[in-house]
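Asks: Task: produce atomic coordinates for the following.
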Amino acid sequence: MYELIKLGTKELQNFLGEELPKISDSWWIDHVVNRLSFQQQKLAIERKVDSLDKLDFAALIRLLDQNWYELSQQLALSREARSWIKELQSVRNKWAHLSRDLPNDEIYRDVDTLGRVLEVIGASQDTLDILRSRASELLSKMSSNDITSPTVELEEEIKPNLFSSGEVVCLRSDNSVLLPIIEVVFNATGILYKVFQDNKLATYYESQLLALSNETAEDKKQITINELHAYLTSLQLEFPSSNNIHSLRTGRVKFVPYQYRPVLKLIRADQPRLLIADEVGVGKTIEAGLIIQELRSRTELNSILIICPKALVAERKWEMEMKRFDEKFTHLDGKLLRHCLKETYLEGDWPEQYSKAIVPFSLFDSDLIYGPTGKKRKADKGLVSLDPPPKFDLVIVDEAHHIRNSDTYLHQGVKYFCDNAQAVIFLSATPVQLGSEDLFTLLNVIRPDLIIDRSSFEMMAAPNQYIHSAVNACRRASTNWQSEVKEGLSNAIDTEWGRLFFRETPKFQEIWDVIDGSDDVQRIKLIKQIEELNTFSGLINRTRRRDIGDFTIRKPETISIEFTASQQALHDSLLEIVAKILSYSHGSRNVKFMMTTIRRQAASCLYGLAPLLKNILERKIDSIELFECSDNEDSLEVDNEFIDSIQDDISGLLELSDQLDVTDPKAEAFINAISSKTKLENNKVLIFTTFRHTLDYLSEKLNSAGFRFGLIHGSIPDDIRSDLRKRFSLPKSNDQAIDILLSSEVGCEGLDFQFCDCLINYDLPWNPMKIEQRIGRIDRYGQESETVAIVNLITPGTVDADIHDRCLSRIGVFKRSIGGSEEILGEITKEIHDIAESFTLSEEDKFKQLAQLSDNKIRKIAEEEDLENRQAELFGLHVPTQSWQEEIELASSFWLSPSALKSCIEVYLNVCMDTEKTYISGDKEINSLRLSRDARTTLLEDYRKLPRSKDPIFRNWEKWLKGSESSLSLTFNQEIAVENSELLLITPVHPLVKQAATSLKVSSTANCSLAVTTNDFLEGEYTFALYHWGKKGVKRDDLIVPVCACAELEESLLVLLSQSIDSKSSKVFDDEMMSALEVEHHHRWSKSQADHLEANNQLVSYRIQSLNTSHKARCKTIEDQLSNASNDKIKLMKTSELARANTDFEMRMIDLDKAAKSGDVHSSFICYGILAILKDDIN
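Replies: Got it, this is the predicted structure:
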């Protein structure tokens, strides 16, 4: 074949040399150099190629293909010939990377393809004769093999031994153990057989083996449609494809499509590292939970570290949110964290019992990073001293903008964990702007191999504006859109980043090659392919509320209620005493926090002041109550020593509070507002207050008024919170319903109330983010009303009223989601506290400063939004809503749907128990799994074959299998699981599903007979076959490949199979049908394998080149920092970082070397079938 390719090379040189100059005077540049692949162009320039005879076969075929339009116009070439050229490219790829002997029929097809192309271009008669002679020779060999085959069978029949090499036999002692014979050995004791068993050679005597019976051989086993569906589901579960999302509808959360965007980005990225920079209120924590479920369904996810602000640990935000995904995490305090470091140092691994841990930012100090000084130096090791380092499967950093300063211990510690993690997720509402220092810092920690320094960050962004223009041209589809797209892409590859990292990637070349010949269908595909070229698309997910549409219209209303005379007297006295206390507190932050809490309680509810003051005096305030009162994580401890010194002042306030009027105008206004709302059809009201004692006071008022209400705060158990949420969602006609829910910030964490359209703020947090989170409980995706009412109860003259009027209301937080970054919202909170807590400023100065603060921040938020909009194309943020919704729909798979999972489990249980019974019963949504003790024991044996896991869902499943209960309530429906927390939710990550996926195996000769009703195809019976392809190499993927006698039907076959039913075909599926389908499959597989090998080698070369480039730059940056460091601890950190960079580089180079050698397409048979297309008579 190689000699024939040489002949073909010469003929192509002659043909192109004669025809290309006729097209244009500048034919060499326009139709040779510019039509080569970018990699071929580079080689041509390096080798100074100036004539066609210096180009190889691959380059010449490409020139013939890329100039096809001009040549076909010039020579009237047939359209059919273009497909032969495409096939010849695959032939060339196959022979360039040949790793096996090819059968004669495949070589014949390759020779025939070459001959057809050469005949089209008018090759010499001598060359064509040589090709025909070789083809005839191959045909003769193929015919000879057919004639001699009976002789071979005759020879085998007279052999004295019972079995032959290559034959599959079974053990006489256990017929279920099938063994292939590798070698037959004759010796003095008789005949021995070497077989392959349990991944090694074993030897048996002939008497120990049996030939397969017809039953054991499973001759053409007929399977049902349910069995086929179960097998296809098990394949997709066991071999996940990058085209499908496995975490769809997992977790006890509402299904929100846009929250799957980060999941898609992560599974398609070349490394599982992502910054989720969504705006406040979009649902970043839920997105992280979905990513955990997705990774768990694809790989073993045994260790997860969540790093977040201390306030989120105290509020149990992550712990409670992760429970919605059946994940159990442990909060690590300083003592536990030091224990984990010590165990890691001693044992070499992070302790398994803390493999899912939540660590607050506040623990990252010098002792943690470098180890303690003094006596404990030898006993306790610092993080950077651990060898090997702790390696987590996933590290999640919430509010990641806090690591912005690279000189802090927090930054150094987070970076250390991330450098050694398999996957990394950062969550931060950071503005996505080129000039954002936060964004650069976060990306540098996430991908230090790509984002090395400021210049590399800006260089990486350079091609994106041109990619954006190419995408827009593709969308507009004007008359000359192809030229506009090529112009944009040409500009992209002319940037420095484009020259280094775009030009030679197979992905870019593939896009470039199809632009000119694209129809509308291909153009739409191109849009997505070009969008994915954006250099940040795989690194950042940024969902803004305007990207998904405004959820609702917010209608804010402020009800202003004056103090009574006695209330005013108490409030004035309170301010005097607070000022007095602060005057001799010497600026203590804890005292300032305590005094602010007292003032805010007074603004909230004076009738809750006395209980708060008593608790302070009696030291009864717990940490959860403190966090509920706080707007940040600072100053959260009560100074008990200072309480003694102010006891008399506090006692004086208590005496005044006892003299309050019974009449409370604010409470009356509150009851009136609720009474009006509860008369409406939607009578639900969600009420927020910061303070426990206000909650207690309002509870008494609501109870006296006869309202149906519930109360939740941070100390309410999860099961009660869930039950109250469920009752709150019930219609007003239901006796179990509650109409009003009283809540603190922490109490509502993780709960959604789309069915409620009225929120009352009895008091206001000073943190705009907390206000947004309150409103976000009802103003969210799925809100059933067009408008939501936000009612603020304000008392003039209080600190809350001043902040509401002069700041919060002006920045617009009640009217719309203000977006912005968490950093700006944090700045607003801090400055509000600074102004409100100052007793050196006059009231007039406070008013002016609050107004100036709001003006400044409104301007800053607007500037950020404007800059982000103008730079959106640099980061791929302009993604139409329809586009990502379609993308998520395409990523969903019928074979992973709840109904498919249920069917898979039902088939598995019947196979496992060797029966035909219904084990899962019940109504459509809530089911019951009933298994006898023997059945549970059988399942337990299967369960123990799975990799060991300490996850709650695994432990609970094992506990039930071992227990005495025969019935288990479960559901496959996500929405039902949200409302019924006691139900077991079955998803792709549940061990029962994993058992089914690993246990179900299809027969090697399985076939089925099916029917489907559709008017999209002609009536008739069509034969088909299904295969599983596993693509190995740099980019691994798994596909279910249909092969059908009808090409048009083939594209829709998997969809039709999902709608099919069992049928009895008039056709008999014979060996001839199977052979025809196998021949077609082999041809397609052979072409796909050749193309995959070529693409894999190109991708490996590109990645090695880019890895070398980025590694040199990364090491240079670290070495410069090391040489400039004077602090010994910084030197230790940078030395460790340099070592990690070199280790990372070496490991990735080893992986790339393996990937280059392992490129292949593994094919395995699933089943044959006959599909009857029936006409729909209704239409």
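Asks: the strands in the stretch 301-450 of the chain, which residues?
Replies: Secondary structure of the stretch 301-450 of the chain, counting by DSSP state E, counting those that start in this stretch: strands at 304-308, 330-331, 356-360, 394-398, 423-427.
Asks: now for the shortest one, which elements pack on it?
Replies: Packing contacts for strand 330-331, counted by 3 or more CB pairs under 8 Å, 6 or more residues apart in numbering; DSSP states H and E, involve strand 356-360. From N, CA and C alone the C-beta is placed, and that goes for glycine too.
Asks: before we move on, back to that, nearest approach to Met459 belongs to which of the strands of the stretch 301-450 of the chain?
Replies: When those are compared for distance to Met459 using CB to CB, the nearest one is strand 423-427, at 21.8 Å.
Asks: picking that back up, could you save the strands of the stretch 301-450 of the chain as JSON lines and add columns showing mean neighbour count and mean pLDDT?
Replies: Shown next, in JSON lines, are these (neighbours: other CB atoms under 10 Å; pLDDT from 0 to 100):
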{"stretch": "strand 304-308", "mean neighbour count": "25", "mean pLDDT": "97"}
{"stretch": "strand 330-331", "mean neighbour count": "14", "mean pLDDT": "94"}
{"stretch": "strand 356-360", "mean neighbour count": "23", "mean pLDDT": "96"}
{"stretch": "strand 394-398", "mean neighbour count": "24", "mean pLDDT": "97"}
{"stretch": "strand 423-427", "mean neighbour count": "25", "mean pLDDT": "96"}
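Asks: Would you state the strands of the stretch 1051-1179 of the chain in chain order?
Replies: 1061-1062, 1160-1174.
Asks: Give the partner strands of the shortest one in its sheet and their orientations.
Replies: When pairing is defined by DSSP bridges, strand 1061-1062 lines up against strand 1007-1013 (antiparallel).
Asks: And the next helix or strand past the partner strand?
Replies: Using DSSP states H and E, the next helix or strand after strand 1007-1013 towards the C-terminus is strand 1020-1032.
Asks: List just the one of the strands of the stretch 1051-1179 of the chain that sits closest to Trp84.
Replies: Between Trp84 and these, the tightest spacing by CB to CB is seen for strand 1160-1174, at 22.4 Å.
Asks: what domains does the record give for the protein?
Replies: Under the assignment automatic domain parsing, the domains of the chain span 2-151, 168-217, 230-237+893-991, 263-452, 464-534, 553-874, 1007-1174.
Asks: most packed of those domains?
Replies: Highest mean neighbour count among the domains of the chain (mean count of other CB atoms under 10 Å): domain 263-452, with a mean of 20.
Asks: Quick check, central residue of the chain?
Replies: Nearest to the mean C-alpha position of the chain, counting by CA atoms, centre = their mean, stands Val263 at 2.0 Å.
Asks: so who does that one touch?
Replies: 245, 247, 287, 290-291, 294 (CB atoms under 8 Å, 6 or more residues apart in numbering).
Asks: Where does it sit: helix, strand or coil?
Replies: helix (DSSP: H, G, I helix; E, B strand; the rest coil).
Asks: what separates it from Cys912, distance-wise?
Replies: Distance check for Val263 against Cys912: by CB to CB, to the nearest Å, it reads 32 Å.
Asks: what's the answer for Val282, then?
Replies: Distance of Val282 to Cys912, given as CB to CB: 43 Å.
Asks: and what of Asp1016?
Replies: Separation of Asp1016 from Cys912 (CB to CB) stands at 38 Å.
Asks: same question, Val662
Replies: Distance, Val662 to Cys912, by CB to CB: 70 Å.
Asks: With Glu668 instead?
Replies: Glu668 is 66 Å from Cys912, by CB to CB.
Asks: Please identify which of the strands of the stretch 1051-1179 of the chain is closest to Asn420.
Replies: Proximity to Asn420 (CB to CB) singles out strand 1160-1174 among the strands of the stretch 1051-1179 of the chain, at 31.0 Å.
Asks: The longest helix seen in the chain to strand 1020-1032, inter-axis angle?
Replies: Counting residues, the longest helix in the chain under DSSP state H turns out to be helix 1071-1124. On the basis of axes from the mean of the first three to the mean of the last three CA atoms, to 10 degrees, helix 1071-1124 is oriented at 30 degrees to strand 1020-1032.
Asks: same for helix 1071-1124, what does it pack against?
Replies: Using 3+ CB pairs under 8 Å, 6+ apart as the test, helix 1071-1124 ends up in contact with helix 79-96, helix 104-120, helix 496-501, helix 506-514, strand 1020-1032, strand 1037-1044, helix 1128-1158, strand 1160-1174.
Asks: on that earlier part again, JSON lines please, covering the domains of the chain and showing distance to Gly251.
Replies: Output for those, formatted as JSON lines (distance: least, CB to CB, whole Å):
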{"stretch": "domain 2-151", "distance to Gly251": "44"}
{"stretch": "domain 168-217", "distance to Gly251": "38"}
{"stretch": "domain 230-237+893-991", "distance to Gly251": "7"}
{"stretch": "domain 263-452", "distance to Gly251": "4"}
{"stretch": "domain 464-534", "distance to Gly251": "27"}
{"stretch": "domain 553-874", "distance to Gly251": "11"}
{"stretch": "domain 1007-1174", "distance to Gly251": "24"}
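Asks: Let me know the helix or strand that the residue lying closest to Ala269 once chain neighbours are set aside is in.
Replies: Leaving out its chain neighbours, the residue that sits closest to Ala269 by CB to CB, 6 or more residues apart in numbering is Gly538, at 3.9 Å. Using DSSP H and E, Gly538 falls within no helix or strand.
Asks: Correct me if wrong: Leu695 contacts His713.
Replies: Yes: judged on CB atoms under 8 Å, Leu695 makes contact with His713 at a distance of 6.2 Å.
Asks: Touching both of those two, which residues are there?
Replies: Ser744.
Asks: Show the subsequent helix or strand relative to the helix or strand of the chain with the lowest mean pLDDT.
Replies: Sorted by mean pLDDT, DSSP states H and E, the helices and strands of the chain end with helix 214-217, the least confident at a mean of 46. Next helix or strand after helix 214-217 toward the C-terminus (DSSP H and E): helix 225-238.
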